[in-house]
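> Sequence first, predicted model second:
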Amino acid sequence: MTGYLLSPNIYEQRQCYVTVDISSSETIGMTVVDWWHVTGKEKNVNVLRRIEPVPFFDLMLERISALP
């Protein structure tokens, strides 16, 4: 997301282990995030969870207003 690249400090983020299930018949194809580190596997993704809305919209409006 462009907002993260411009201002990563307005996001809540956490390193987690993430995989795509390719074997279970119920969840095949689903992205699985080990948010609580229950698998013990090495964390491999920086997951963005929440955003501060006011600074985000201020940033977006600032950038959009600069367009020709």
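Thanks, I have it.

> What count of nearby residues applies to residue 42?
7 (other Cβ atoms under 10 Å). All C-beta atoms are positioned from the backbone trio N, CA, C, and that covers glycine.

> Pull the contacting residues for it.
For residue 42, the contact set (Cβ atoms under 8 Å, 6 or more residues apart in numbering) comprises residue 17.

> a helix runs through residue 59, doesn't it?
Yes - per DSSP: H, G, I helix; E, B strand; the rest coil, residue 59 lies within a helix segment.

> quick one: pLDDT of it?
Note for residue 59: predicted pLDDT of 93.

> what residues are up against it?
Going by Cβ under 8 Å, 6+ apart, the list of residues near residue 59 reads 3, 6, 7, 10.

> give me the number of residues near the third one?
For residue 7, the count of nearby residues is 15 (other Cβ under 10 Å).

> swap in the one 5 residues further on?
When neighbours are defined as other Cβ under 10 Å, residue 12 has 10 of them.

> In space, what's closest to it - neighbours in sequence excluded?
residue 50 (4.0 Å; Cβ to Cβ, 6 or more residues apart in numbering).

> mind checking how far the helix or strand harbouring the one you found is from the chain centre?
Using DSSP states H and E, residue 50 sits in strand 45-51. Its chain's C-alpha centre and that of strand 45-51 lie 3 Å apart, by Cα atoms, centre = their mean, to the nearest Å.

> can you give me the mean pLDDT across it?
Here the average pLDDT along strand 45-51 is 93.
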